[in-house]
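Visitor: Predicted model follows, preceded by the sequence.
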Amino acid sequence: PVPEGTRFFAPIRLIVEEIRVSCLRLAKYSQSPLGYFLGLSLTDLCGWIAVVNREIEAEEEACKKQKK
């Protein structure tokens, strides 16, 4: 038997893990302390995640174009 609440909280654990990984990426790519990103509101954090993800995608695309 699955403990009560396990099915409910399982997706939340995945979301929390994704936020942690995103904070690590933000700290790595911005060379900023991890604590800075952990202290942001979710709205601000999501905004920074979107910005950094777009920049990473743009850099990857530029690398692909250089290889051609």
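Guide: Received it, and whenever you're ready, just let me know what you need. Residues are numbered from 1 along each chain as shown.
Visitor: Mind giving me the packing neighbours of the host helix or strand of Ala62?
Guide: Using DSSP states H and E, the element containing Ala62 is helix 42-67. Packing partners of helix 42-67 (3 or more CB pairs under 8 Å, 6 or more residues apart in numbering; DSSP states H and E): helix 6-30. Glycine gets a C-beta too; all of them are placed from N, C-alpha and C.
Visitor: Any buried residues in the helix it packs on, and which?
Guide: Neighbour counts over helix 6-30 (16 or more other CB atoms under 10 Å) mark 19, 22-23, 25-27 as buried.
Visitor: What is the end-to-end distance of stretch 35-44?
Guide: End-to-end distance of stretch 35-44: 14 Å, with CA to CA, to the nearest Å as the criterion.
Visitor: ok, residues contacting it?
Guide: 23, 26-27, 45, 48 (CB atoms under 8 Å, 6 or more residues apart in numbering).
Visitor: Could you measure from Cys46 over to Ala10?
Guide: As judged by CB to CB, to the nearest Å, Cys46 and Ala10 stand 22 Å apart.
Visitor: confidence score at the most centrally placed residue in the chain?
Guide: For the chain, the residue whose C-alpha lies nearest the mean C-alpha position (CA atoms, centre = their mean) is Ser22; its distance is 1.8 Å. Listed pLDDT for Ser22 reads 93.
Visitor: before we move on, what about Ala10?
Guide: 78.
Visitor: Next up, the contacts around it.
Guide: No residues are in contact with Ala10 under the rule CB under 8 Å, 6+ apart.
Visitor: Looks like the residue nearest to the centre of the chain contacts Ile49 (just checking).
Guide: Yes. Ser22 lies in contact with Ile49 (CB atoms under 8 Å); the separation is 4.8 Å.
Visitor: so what's Tyr29 closest to, chain neighbours aside?
Guide: What sits nearest to Tyr29 in space, not counting adjacent residues and going by CB to CB, 6 or more residues apart in numbering, is Val52, at 5.5 Å.
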